[in-house]
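Trainee: Take this sequence and fold it.
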Amino acid sequence: MLFFYGAVCAIGVAQAIAGYAELAGGKNLGYGIEVPGESDPEGRQKAHSVLASWGTLTAILSLPPLIPILDELSADPQAGMPTSVKILLTVYGIALMGAMWYPFIKIWRLSTTG
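Mentor: Here you go, the predicted structure:
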């Protein structure tokens, strides 16, 4: 779980950097989907804003679960976590994955609606 939340944090930071870099006038880094083009600067600005804000949110929300995980590892690495904590962290991780994928869905919708 430590690796999972660390990876989600890194992906969120990468999303935020890409979004903020493009908001600041950098070159188009692309998202793997069609982004509103030069003919729609307002849509493009909205896409970059969505990516930057949700990437930042994902990175910040992936940090709190690391506290109990690291606490358990530092106290007794062999003991493990209780099942209820593992279930809670799993459900939180699934919700976090939704927050990580939302900007791509929103950008796709922006590009298909014109």
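
Trainee: what about Trp54, how many residues close to it?
Mentor: Trp54 sits with 21 neighbouring residues when counted by other CB atoms under 10 Å. For glycine as for every other residue, the C-beta is placed from the backbone atoms N, C-alpha and C.

Trainee: for the one 4 residues further on, same thing?
Mentor: Each residue near Thr58 was counted by other CB under 10 Å, and the total is 25.

Trainee: what's the spacing between it and Tyr5?
Mentor: Counting by CB to CB, to the nearest Å, the gap from Thr58 to Tyr5 is 11 Å.

Trainee: shared neighbours of the two, anything?
Mentor: Taking CB atoms under 8 Å, 6 or more residues apart in numbering as the contact criterion, the common neighbours of Thr58 and Tyr5 are Leu96.

Trainee: Give the closest residue to Ile17 in space, chain neighbours not counted.
Mentor: Leaving out its chain neighbours, the residue that sits closest to Ile17 by CB to CB, 6 or more residues apart in numbering is Gly55, at 7.6 Å.

Trainee: Which strands or helices does the worst-scoring helix or strand of the chain on mean pLDDT pack on?
Mentor: Lowest by mean pLDDT, DSSP states H and E among the helices and strands of the chain is helix 66-75, with a mean of 83. Helix 66-75 sits against helix 2-23, helix 83-113, with contacts defined as 3 or more CB pairs under 8 Å, 6 or more residues apart in numbering; DSSP states H and E.
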